[in-house]
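Chemist: curious how this folds, go ahead:
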Amino acid sequence: MYILLPFLAFKTFYAHQLSAAYAYYAFYVLALCVGLIILVYLWSKVWHYQN
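Modeler: This next block holds a predicted model:
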């Protein structure tokens, strides 16, 4: 939500045309989420945390 906040502040989401920028935003958000999941997984393995 915060990534798209400047975009949504001026016009609603539905008023904009779809463009390649949406794909870049979606890829960035998904890559960030997956990266954080992997980072937490590796951190838990290093410190021997249990489920």
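
Chemist: where along the chain do the helices fall?
Modeler: Assigned helices in the chain, in chain order: 5-10, 20-46 (criterion: DSSP state H).

Chemist: which of the ones you listed has the lowest mean pLDDT?
Modeler: Here these differ in mean pLDDT, and the lowest is helix 5-10 at a mean of 62.

Chemist: got the helices of the chain as CSV, with mean neighbour count columns?
Modeler: (Glycine included, C-beta is placed from N, CA and C.) Below are the helices of the chain laid out as CSV (neighbours: other CB atoms under 10 Å):
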stretch, mean neighbour count
helix 5-10, 9
helix 20-46, 10
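
Chemist: and Phe27, how far is that from Ala20?
Modeler: Distance, Phe27 to Ala20, by CB to CB, to the nearest Å: 10 Å.

Chemist: what's the answer for Ala26, then?
Modeler: Between Ala26 and Ala20 the computed distance is 11 Å (CB to CB).

Chemist: what of His48?
Modeler: To Ala20, His48 is 44 Å away according to CB to CB.

Chemist: ditto for Ala31
Modeler: Computed as CB to CB, the Ala31 to Ala20 distance reads 16 Å.

Chemist: ditto for Leu30
Modeler: Going from Leu30 to Ala20 by CB to CB gives 16 Å.

Chemist: swap in Cys33?
Modeler: Taking CB to CB, one finds Cys33 at 20 Å from Ala20.

Chemist: now do Gln50
Modeler: Applying CB to CB to Gln50 and Ala20 gives a distance of 43 Å.

Chemist: now swap in Ile38 and tell me
Modeler: From Ile38 to Ala20 the distance is 26 Å (CB to CB).
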